[in-house]
Structures are given as structure tokens and as C-alpha cells.
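> Here is my input, please return the structure:
(one chain, ligands or ions: 1)
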Amino acid sequence: MKIGVFDSGLGGLVIAYSLVSKMPQYDYIYLGDTDRAPYGNRPEREILEYTSQGVEALFKKGCKLVIVACNSASADALRVIQRQHLKAWPGCNTLGVLIPSAEQAVISGQRIGVICTQATADSGAFTREIHKLSATAEVFHKATPRLVDNIESGQMLLAKHNLQQYLKAFSGHNIDTLVLGCTHYPLLKKEIRGFLGDAVNVISQDEIVPAKLQDYLTRHKEIASDLSTGSNIEFFATKITPTIKKLACQLFSKSVLMEQIYVVGPSARH
Ligand code: DGL
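Numbering: from 1, shown residues only. Model (predicted):
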């Protein structure tokens, strides 16, 4: 059985790549719901419905464990999905990226900035998870809604311009840590580190999730022992866009075969 990585779009490829780099022995399936991205400005009900469909499609394709790499989905939908799927897919599990980021944030500092989608900011999930670990930490959210669209459409120069504007929101807060609370933002981490300088520790999920997964698999031998080790990776998207294909080829440095998948009947997609 395989490890699934689900995201609303192309950003989760960066997480998938970091997992494959650290644990190349496993078989992986990536699914990006590019046809319905971005999720981050959708209502909670839709994020839950779409994420649930994506995760289910990965279970049907033989995944034992699915990493929900999308923060908007981790924030809003994950707990409900874990309960639902526990019943329908016994022995399978879904893991998110938000709690590992909160854990890393409180190790890093006490004045924590978070950039994320509007849905993640509205959910208050980062503040909640950080405060469970450190009641004294101060958390400053900034929703950065234009970045995902810019990145999905390949407008990286515009993304960098918008990013610079968004980061000004933290200038009065003296933050010591910034969490990149969206799968797409590791693609801008070099620029973010450049804008903020050395005084701010930037937490990028691609740098922390692989170790967390390794730790999880060490503690859950019943799951680890069921994972197949053929070093294969399959790529699916609900719409094959030029940008997702390009990023997959760039990261995995080979001519990636990406297949379109319908996670619901074609007539009921929107
Ligand atoms: N993948 C989403 C997340 O990490 C961002 C993109 C979106 O809005 O769909 O929140």
C-alpha cells in the first residue's frame, strides 16, 4: 500500500518531493485538485467536501496513509475527515501539516507570524494549536489571498511583488518566527528569507513534515509494515495545467507522467 499526498493544487508537490527525498523507498501517489483550486477562499463546507473526495480517491487507489498537505483543508476539514474515514476505511489514516508546523513554531520562538489563506486565518487553527503548546506565545496572522492564484497561474514576479506588500503587515510586531502556513509558499521561501533577514526563523513545511512522518511511522509499525517499497510515484490532477506539469518535472527531474482524475462524476464537479 502507498502513501498519498493530497493538495488543492500544485503546492503539495513540494511536500511530496521532500517526502520522496527523505524516504525514497516507499510508493507514493500525488493528487492535486487543480480544477477546484484555490480552496483558501472557499467556505468550510466546500473545503470539507472537496478534501474528503480527494482523500477517498487516494484510498481507492491503494493508499494506506494520506498526508493532507493543504493547510486550508488541515485547518477546517481534517478532524471531521479523520472521523469519517476511520469508519469507512479501517486501518487507513490521514495526517495534516498544521500541527507539525505549530510544534516547530513554539520551539523556534514566542512571537510567531503566520501567512496563510483566508480560510486558514479565519479558522484560527494556527493560534489554537500554538496556544495548546505555549499559552504565552503571541500569534499574528496575515491572510495572503492573492499568492496562490499568482503561483498556480505561474505569475511568480507578481507573487513576489504581492508577497513583499503582505510581509509589511509584520513590521510593527517584532516577530522572531514566521510560519509558511500554505503549501504553495515554500516556493517563495528564498524570497521570504531574503525580505525578513536572519532575525526571523522561517518555518517551511517541506523542511519539517518528512521527519514528522518518519517519527509517525516508527510509532505506528502496523501502518509502516503495510507500506509497499517499490520507489514509485504516480501523479494525478483533476485538471492538468501547464504549471502543475512543469513543477512536477522540475522537482522530480524527469518527464513526469501526470494523469487526469475525476474525484466525482464529471457532471457534478462544481
Ligand atoms: N494548498 C492550500 C493551503 O495550503 C493553499 C492553496 C489554496 O488556497 O487552495 O492552504
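> On the pLDDT front, check residue 269 for me.
Residue 269 carries a pLDDT score of 44 in this model.
> Also residue 88?
Model confidence at residue 88, given as pLDDT, is 89.
> need the contact list for it.
Residues near residue 88 by C-beta atoms under 8 Å, 6 or more residues apart in numbering: residue 56. For glycine as for every other residue, the C-beta is placed from the backbone atoms N, C-alpha and C.
> Can you list the strands that the helix or strand that residue 4 is a member of pairs with?
According to DSSP states H and E, residue 4 maps onto strand 2-7. If you go by DSSP bridges, strand 2-7 pairs up with strand 28-32 (parallel), strand 63-68 (parallel).
> which residues are contacting it?
Contacts for strand 2-7 (C-beta under 8 Å, 6+ apart): 12-13, 15-16, 19, 26-33, 51, 54-55, 58-59, 61-70, 73, 183, 213, 227-228.
> can you pull the buried residues of the helix or strand that contains residue 140?
Following DSSP H and E, one finds residue 140 within strand 138-143. By 16 or more other C-beta atoms under 10 Å, the buried positions in strand 138-143 come out as 138-143.
> how about that strand, does it reach the ligand?
No - no part of strand 138-143 sits near the ligand under the criterion C-beta under 6 Å from any ligand atom; the closest distance found is 10.4 Å.
> can you tell if the helix or strand immediately after that strand in the chain touches the ligand?
Using DSSP H and E, the helix or strand that follows strand 138-143 in sequence is helix 146-152. Yes - judged by C-beta under 6 Å from any ligand atom, helix 146-152 comes into contact with the ligand at residue 148.
> and helix 146-152, what does it pack onto?
Here helix 146-152 touches helix 156-167, going by 3 or more C-beta pairs under 8 Å, 6 or more residues apart in numbering; DSSP states H and E.
> what's the helix or strand following the helix it packs on in contact with?
Following helix 156-167 in sequence order, the next helix or strand is strand 177-181 (DSSP H and E). The contact list for strand 177-181 (C-beta under 8 Å, 6+ apart) reads 71, 98, 101-102, 104-105, 108-109, 111-117, 120, 126, 170, 186, 188-189, 192, 196, 200-205.
> Intersect the residues you listed with the contacts of the ligand.
Within those, those near the ligand by C-beta under 6 Å from any ligand atom are 71, 117, 120.
> Can you lay out the residues you listed as JSON lines showing distance to residue 39, neighbour count and pLDDT?
Formatted as JSON lines, these follow (distance: C-beta to C-beta, whole Å; neighbours: other C-beta atoms under 10 Å; pLDDT from 0 to 100):
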{"residue": "71", "distance to residue 39": "9", "neighbour count": "34", "pLDDT": "96"}
{"residue": "117", "distance to residue 39": "7", "neighbour count": "29", "pLDDT": "95"}
{"residue": "120", "distance to residue 39": "10", "neighbour count": "27", "pLDDT": "96"}
